[in-house]
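J.: Take a look and give me a structure for this.
(one chain, ligands or ions: 1)
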Amino acid sequence: MPVEEFVAGWISGALGLVLGHPFDTVKVRLQTQTTYRGIIDCMVKTYRHESLLGFFKGMSFPIASIAVVNSVLFGVYSNTLLALTATSHQERWAQPPSYTQVFIAGCTGGFVQVYCLAPFDLIKVRLQNQTEPRARPGSPPPRYRGPVHCAASICQEEGPRGLFRGAWALTLRDTPTLGIYFVTYEWLCRQSTPDGQNPSSATVLVAGGFAGITSWAVATPLDVIKSRMQMAGPKHRVYRGVLDCMARSARQEGLGVFFRGLTINSARAFPVNAVTFLSYEYLLRWWG
Ligand SMILES: CN(C)C(=N)NCCC[C@H](N)C(=O)O
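T.: As a prediction, this is how the structure comes out:
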């Protein structure tokens, strides 16, 4: 099993993550809190109340976890394609796999990475939703003091299974959308690259960016449900399952609730995934 794909997946994911985290914080807050009038209002309030650091809350854990999550996603994707087509990454532009093979490999990568992503994503969402400014003498401390304290509190209050709250919604979000993610990337690369050649950097950037936008556009309704289920717990509304969360959210807030965060998700998805695919392709060419 080639390991370069796992390492390239890790590095490229980390680069994309740092670039996209401030957008992600605004998105999570818009999806789970009703106090903001829109993206700008959320950005202004976050900045006034918590300074620039507010946008980077909850980032240390995803940076550590991206090592596992993105390397599992890209590693499983690439190795599934290898099993389906018997072509390595280096040979893949010369002997391209079919879109069905790409879709199956993408869904497999998406499905497997969920079980690494779920606890990290839950902790990220809980920390991003803490709107208290950084601790000052005399002010009440935030509920979670950091990622380790957050994980320990969840285990204590909700049991270790609490760390997997929302994992089923995450599976439904990521399995098909990662198939769509890789198919969009491959399709756009092939449209603008002569047969048998490697795509240019500009092509990889644009194809990666649009793969991110397309997959996040499809993923947004389940992303809202996933974030709400992750926030459910001792202090928040508790849902009986994915369908209950969907029905109650739609009944109380209208169908528009499923598109909350769509604009910010798309704005974030382009640069994050352009950089992720560019660094992934170049690392593999460099090592190849
Ligand atoms: C729609 N979904 C779930 C995805 N496209 N997932 C792949 C994630 C890639 C990148 N780390 C990101 O956060 O955009």
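J.: Up against the ligand, what does the stretch 1-150 of the chain have?
T.: 13, 16 (Cβ under 6 Å from any ligand atom). Quick note: C-beta positions are derived from backbone N, CA and C, even for glycine.
J.: can you pull out the helices in the stretch 51-200 of the chain?
T.: 60-85, 99-128, 147-158, 167-191 (DSSP state H, counting those that start in this stretch).
J.: Export these to TSV and append columns for mean neighbour count and mean pLDDT.
T.: As requested, these are exported to TSV (neighbours: other Cβ atoms under 10 Å; pLDDT from 0 to 100):
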stretch	mean neighbour count	mean pLDDT
helix 60-85	21	86
helix 99-128	22	93
helix 147-158	16	90
helix 167-191	21	96
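J.: Turn these into TSV, columns for distance to residue 287.
T.: Listed next are the helices of the stretch 51-200 of the chain as TSV, based on distance: least, Cβ to Cβ, whole Å:
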stretch	distance to residue 287
helix 60-85	13
helix 99-128	20
helix 147-158	32
helix 167-191	20
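J.: Ok, which of these comes nearest residue 269?
T.: Residue 269 lies closest, by Cβ to Cβ, to one member of these: helix 167-191, at 9.7 Å.
J.: Show me which residues of the following helix or strand past that closest one are buried.
T.: The C-terminal neighbour of helix 167-191 among helices and strands, as given by DSSP states H and E, is helix 201-231. Of the residues in helix 201-231, 203-231 count as buried by neighbour count, 16 or more other Cβ atoms under 10 Å.
J.: among those, which are in reach of the ligand?
T.: When contact is defined as Cβ under 6 Å from any ligand atom, these meet the ligand at 212, 215, 216, 219.
J.: farthest-separated two in these?
T.: Greatest spatial distance among those (Cβ to Cβ): 212 and 219, at 10.2 Å.
J.: Quick one: the ones next to the ligand among the buried residues of helix 201-231 as JSON lines, columns for pLDDT too.
T.: JSON lines is the format used below for those (pLDDT from 0 to 100):
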{"residue": "212", "pLDDT": "96"}
{"residue": "215", "pLDDT": "96"}
{"residue": "216", "pLDDT": "95"}
{"residue": "219", "pLDDT": "95"}
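J.: For those, give me TSV that also has distance to residue 25.
T.: Formatted as TSV, these follow (distance: Cβ to Cβ, whole Å):
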residue	distance to residue 25
212	17
215	20
216	16
219	18
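J.: residues near the residue nearest to residue 36 when sequence neighbours are not counted, how many?
T.: Closest residue to residue 36 apart from its sequence neighbours, by Cβ to Cβ, 6 or more residues apart in numbering: residue 42 at 4.0 Å. Neighbour count of residue 42, defined by other Cβ atoms under 10 Å: 20.
J.: Residue 54 versus residue 42, what's the distance?
T.: Note on residue 42: its distance to residue 54, by Cβ to Cβ, to the nearest Å, is 10 Å.
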